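Asks: After the sequence you'll find the predicted model.
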Amino acid sequence: MVMETYLNQNFHAVKAKHSSDEVLQKWRSLCHVVKNPKRRFRHTANLTKRNEAAAMRRTNQEKLRIAVLVSKAAFQFIQGAHNGEYEVPDDVKEAGFDICADEAASLVEAHDLKKLKFHGGVENLAGKLKTSTTNGLSIDDEGLARRQKVFGINKFAESPQRSFWVFVWEALHDMTLMILAMCAFVSLIVGIATEGWPKGAHDGLGIVASILLVVFVTATSDYRQSLQFRDLDKEKKKISIQVTRSGYRQKLSIYELLAGDIVHLSIGDQVPADGLFISGFAVSIDESSLTGESEPVMVSAENPWLMSGTKVQDGSCKMLVTTVGMRTQWGKLMATLSEGGDDETPLQVKLNGVATVIGKIGLFFAVVTFAVLVQKLLARKILLGTQWSWAADEALELLEYFAIAVTIVVVAVPEGLPLAVTLSLAFAMKKMMNDKALVRHLAACETMGSATTICSDKTGTLTTNKMTVVKSCICLNIKDVNKNGNSEIPDKALKILLQSIFTNTGGEVVNNKEGKREILGTPTEAAILEYGLSLGGDFQSERQSSTVLRVEPFNSSKKRMGVVLKLPEGGVRAHCKGASEIILAACDKAINADGEVVPLKEGSLQHLKSTIDQFASEALRTLCLAYIDLDSSVTAETPIPPSGYTCIGIVGIKDPVRPGVKESVALCRSAGIVVRMVTGDNINTAKAIAKECGILRDDGIAIEGPDFREKSLEELDELVPKIQVMARSSPLDKHRLVKHLRTTFGEVVAVTGDGTNDAPALHEADIGLAMGIAGTEVAKESADVIILDDNFSTIVTVAKWGRSVYVNIQKFVQFQLTVNIVALMVNFTSACWTGSTPLTAVQLLWVNMIMDTLGALALATEPPNDALMQRTPVGRHGNFISSVMWRNIFGQSLYQFIVIWLLQTQGKSFYGLNGPNSDLILNTLIFNSFVFCQLFNEVNSREMEKLNVLNGILENNVFVGVLSATVVFQIIIIEFLGTFASTSPLTMTQWYYSILTGFLSMPIAVILKMIPV
C-alpha cells in the first residue's frame, strides 16, 4: 500500500535499540501536523536535554579524571605528614563519631592517601566510623537514626512526581482545542448579545464543556500512565548487596546502606557507595561511567578507592562504606544531570508517521469543507443581494463553519495513535511485573512480539538451579554420593579434596542469626560445599589453616578458577577447579585408589574421559578438581600455572529441568520461534538437557564453541540455521552467533545472559534478557528485560505479551482509521451537497474522545490469549497496517458512509419526520447511529480475522467499562443535553433503529472476514 511504502521510507529507520540522534531527529522533522507537541512527544527522547546531559557528564568525567590523575601523581609524597590538624565537629562528637561526613567523603573524592594515612588507615578509619571490618555495624534503632543524621542515607535526589494538574495544563496545549475555545468565546459574546442569557450561550457553553471533558479524560489517562511508569522505575532501581552486620552476612537493599557498613563485592556487582578496599583478590573496577576511562582500574590496599556507580569487572573484595547518597561521586554526578528519557519505540515512530499522513489529509479536507460552506453561504447572500450586510446570525453561522472545520482537524489528526502505544506498553509492563518480568526499556516489550529466535542459557533458565552433587569419581573410583560416603576415600586424598573444596571457592559457610548453618554463593559452589560438609569437612578450620596468596576468580572465558595457598607445614600449593575436559587436559598425574599420586597413563586418562561423558550423558554438570605443589618462592604476583596438575577427581552435579520448560519450548515452536541453547557446559550434558527440553531435534545440530570459532563465514551461512545447541561457548561465541543471526538472516533475536561477560551479546541482541536471581548488575544494566524468576517459561510469557501489544495497537489503528475516514467523508460530502454538516463541533469532540482516549483504553489494554502463540512472528520486515486491516477499514467505512448518506437523503421519509424540528431530530439520529456504529465496530476490532469477537469480552473489565460508560454518556447527551449538544430526545423506536444500525456492522464484519486478501 502507498501508506506503508511512505512509512517505510520515512519512519522505518528508528530501531528498537541504538538509533542515532540524526535518525531520531529526522522523523520529528517530518511530523508537520501536530495538535499538541507537549503530549504527542511526551514519551519520546528529549534530544536537547540528552545532549546537555552528555556534555555535562563529559565535563564532570574530565574533572574527576584530572582529580584521579593528580592523586596518582601524588603517590610519591605519601610519607609526608598531614597538613593541619582535623577538628571533629561538636555535633559529630555528640553523636559518638570521630569523623564527619564531609571529611570521609573528601578521602575517596580526592583519592587522598596522605589524608587516609593521617586517619590511621582503613582499620583506624573504621574505628572512627564506629564499625568493625570483621563484624560490621552493630546498631539499634537509636544508633541507626544517629548515623543517618550525621552521614545521610544512600538515596539520590529524584525529580518530583508531576501532579494531575500539570497533565491538565499540557492537555490544554492542544492547538485545535485552543482555537475551539476562542470560537466558543466569540460564540458566547455574539450569542448573548443577540439572543440574551441563557439561550444565546448554549452553543458556546456546549463547546467549552466538551473541551473540558476531553481535557480531563485525557489528563486522567496520561496521569495514570505516569504513575505506572513511576512504579516501574522504582522496580528497576531495586538492587541488593551482600553486607556483614552484627557479625552476620545478609542481603540488603543498596538504599539501606549506611556509612560504616562492610559490603562484599564480587564480579559483576555495582559499587553501591563510595568506600575503601579492606581485603580481596584480583579486583579490577570499570570506572568508565564516572571518568570516561575505558581501561579497568586495579584496586588493592595500595589503591583502595571504590566509587559509587562503578562496576566490578573481575575479582572479589570486602569494602568499608565511607560516603553514601548525594555526597558520593555518583550522587553529585546524578544531581547535575537532567536525563533526556528513553528512545521512542519503532511502533511509536511509525504511528507518528500514520498520524502525520492522516493529519495532512484531514487538514486538506477541513480547509476544503470550510471553503465549500463559506462559498455556499456567500452564494446564498449574493442571490439575495445581501452580501454587503451581515446579521449576527450569519456571523454566528460563519463561526460555526470555522468551528466545524477546526473540529474536523481534531477528529482527523489521530493524536492518540502514538500515545496508544505508550498506553498499551505501560499496561503490559505493569502486568508483566506480576508475571515476573521487569521491562527496562519500552521498546523491548514491543520488539519481543516480533522475536523469531531465542538464544537461552541452560543453567537456571532451562533448569531449576537447585544443584546437588549426586556422583563422584574421586581417586579414580566412581560412586553415587550419599550423606556418609567418605569411607572409601583414603585419608591423605580426603585431606587434599577437602582443602580443594573449602579454599578454592567463591562461596562461604556461615552461621545465620538463628545459629543455623547457611551456605552462601552460587548454586554450583553451594552444591560442592555441601558435598565437602557431607564428607565431614570443617569450612572454617580449613580456611584458617592456610594463608591465601593469590585468587583467580572463575569467569566464563577461562572456564576455571584457582587459588594459591601457603600451607602450614611451609609449602605452597595451587588448587584449580573448572570445566572437566579443560582441567583434565592440564593434568599429568592423578591420585589413585590408595591415595598415592601416580602418573596419568593412557588407561587412567581414558577412564576419566569416559566418566565425564557418562556423567554428562546423564544430564549432570561435571567439574574437575586438581592441584599442583609449587616452589616456596612463589609470590602473590605469580600467575597460577596452566598445566602440570594432579587430578583429585570429578564430581557430577544434578540440576533438574524446570517444570513446564518442555511445554514452553513446544509453544515457541508452534509460534514460529526457534529456541537455541547456548551454554558453557559440556556438550554431552547440553545435548541431554536439550533433548529433555525438546530443543535438540533430529534436524538440528549441537556444536562446541571452539569449533564454531574456527568456521569461515561461508560455512557459518550454512551451519547457523541448523544450530540448536552450542556448548562450551564463550561470551564472544554467543555474541558472534547473535550478530550472524541478526545481520545475515534478518532474525529478531532475544538472548538471555547472567554474567558480566554476557553484556556484549545482550547489547547486540534485539532483546537482551538478564536473569534476576543469577544475573550480575552489569548484565542487568545491559539488558532490556529482567526475568525476575530466571525461568524460561517467563521468557515465553514476555513473547506473548509482546505479541499482545503489537496486535492491540493494530486493533486500535484499525478502529481509529475507520472513524477518521467516515467522519471526514460525511462532513465533506454533506458540506458539498447540502451546505451544512450533520455533526456539530460538540458532537465531533465527543466522537473524538470515543475513538481517541476511550478507544485506546478499551482496545490497547486487551490481555493476551493463547491464540497469539499459534501465529507466525511478524519478524523484522512485517507490514504494520496489513492488507487484512485495510480490508476491514474500507469495508466498515463504506457501510457507515452508506448508512449515514441514506439517513441524510431518505431519513425524514423513513422515520416520518415533519415540522420545524425535523432537521434537528434527523441530525440527532445521524449522530446517534454514527456513535453506535463506532461502538459495535470497537467490538468488531477485538479480532481482525476471527469471526467470534465476543470470546473473553466479559473478562476484560476495562473494555466493558469503557463501552458501558460510552453508552450511558450517549444517552445523557441525547436525552438531557440537547441544548448544548444540538440534539433532540428520541423515541424508543428511533433508539432501536439507531442501535440496530450500529449492530449491523457486526454481520458486515463477518462477511468482510470471509473475503480473502
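Replies: Received the coordinates, thanks.
Asks: what separates residue 439 from residue 433, distance-wise?
Replies: 8 Å (Cβ to Cβ, to the nearest Å). Just so you know, the C-beta spots here come from the backbone N, C-alpha and C atoms, and that holds for glycine as well.
Asks: Between those two, point out the one with more neighbours.
Replies: Neighbour count, other Cβ atoms under 10 Å: between residue 439 and residue 433, residue 439 has more, with 28 against 16.
Asks: Was I right to think the more buried one contacts residue 427?
Replies: No - between residue 439 and residue 427 there is no contact under Cβ atoms under 8 Å: 11.6 Å.
Asks: which regions of the stretch 901-1013 of the chain sit below the pLDDT cut-off?
Replies: Along the stretch 901-1013 of the chain, no part satisfies pLDDT under 70.
Asks: the strands in it, which residues?
Replies: Taking DSSP state E, counting those that start in this stretch, the stretch 901-1013 of the chain contains no strands at all.
Asks: Which pLDDT value does the model give residue 224?
Replies: You'll see residue 224 listed with a pLDDT of 79.
Asks: can you pull the buried residues of the helix or strand harbouring it?
Replies: Here residue 224, judged by DSSP states H and E, is contained in helix 202-236. By 16 or more other Cβ atoms under 10 Å, the buried positions in helix 202-236 come out as 202-211, 214-215, 217-219, 221-223, 225-226, 228-229, 232.
Asks: try stretch 583-590
Replies: Per 16+ other Cβ under 10 Å, stretch 583-590 contains these buried residues: 583, 584, 586, 587, 589, 590.
Asks: With stretch 881-897 instead?
Replies: 881-882, 884-889, 891-893, 895-897.
Asks: what's the answer for stretch 156-169, then?
Replies: Using 16+ other Cβ under 10 Å as the test for burial, stretch 156-169 gives 156, 167, 168.
Asks: closest to residue 316 among these?
Replies: residue 156 (25.8 Å; Cβ to Cβ).
Asks: joint contacts of residue 439 and residue 433?
Replies: residue 232 (Cβ atoms under 8 Å, 6 or more residues apart in numbering).
Asks: Identify the residue nearest residue 581 in space, chain neighbours excluded?
Replies: residue 612 (6.3 Å; Cβ to Cβ, 6 or more residues apart in numbering).
Asks: Give me the neighbour count for the one you found.
Replies: Residue 612: 23 neighbours (other Cβ under 10 Å).
Asks: And it, what's its pLDDT?
Replies: 93.
Asks: is it true that it touches residue 582?
Replies: No - counting by Cβ under 8 Å, residue 612 does not reach residue 582; the two are 10.8 Å apart.
Asks: Closest one of the buried residues of stretch 881-897 to residue 259?
Replies: residue 881 (57.5 Å).
Asks: how about the closest one, secondary structure?
Replies: Here residue 881 is coil, with the state taken from DSSP: H, G, I helix; E, B strand; the rest coil.
Asks: what do you get for residue 578?
Replies: Secondary structure assignment for residue 578 (three-state DSSP): strand.
Asks: And the buried residues of stretch 881-897, which is the shakiest by pLDDT?
Replies: Lowest pLDDT of those: residue 881, 82.
Asks: right, and that residue touches residue 813 too?
Replies: Yes - applying Cβ under 8 Å, one finds residue 881 in contact with residue 813, separated by 6.5 Å.
Asks: how near is residue 448 to residue 564?
Replies: In terms of Cβ to Cβ, residue 448 sits 46 Å off from residue 564.
Asks: Would you tell me which helix is longest in this protein?
Replies: Criterion DSSP state H: the longest helix present in the chain is helix 792-834.
Asks: what number of residues lie near residue 1008?
Replies: Residue 1008 - counted by other Cβ under 10 Å - has 20 other residues nearby.
Asks: nearest spatial neighbour of residue 424, skipping sequence neighbours?
Replies: Spatial nearest neighbour of residue 424, excluding adjacent residues (Cβ to Cβ, 6+ apart): residue 860 at 3.8 Å.
Asks: Repeat that for residue 958.
Replies: Using Cβ to Cβ, 6+ apart, the closest residue to residue 958 is residue 861 (4.8 Å).
Asks: and what of residue 807?
Replies: Residue 807 sits nearest to residue 868 (Cβ to Cβ, 6+ apart), 6.6 Å away.
Asks: for the one you found, phi and psi?
Replies: phi -60, psi -30 (degrees, to the nearest 10).
Asks: Could you shift the numbering so residue one becomes 12, and keep it that way?
Replies: OK, 12 is where the count begins now, so the last one is residue 879.
Asks: number of nearby residues for it?
Replies: Neighbours of residue 879 (other Cβ under 10 Å): 17.
Asks: Pull the contacting residues for it.
Replies: Residue 879 touches 682, 811, 814, 815, 818, counting by Cβ under 8 Å, 6+ apart.
Asks: could the residues you listed go into a markdown table alongside neighbour count, pLDDT and distance to residue 294?
Replies: Below are these laid out as a markdown table (neighbours: other Cβ atoms under 10 Å; pLDDT from 0 to 100; distance: Cβ to Cβ, whole Å):
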| residue | neighbour count | pLDDT | distance to residue 294 |
| --- | --- | --- | --- |
| 682 | 19 | 91 | 44 |
| 811 | 21 | 90 | 42 |
| 814 | 24 | 90 | 44 |
| 815 | 23 | 90 | 45 |
| 818 | 22 | 89 | 49 |
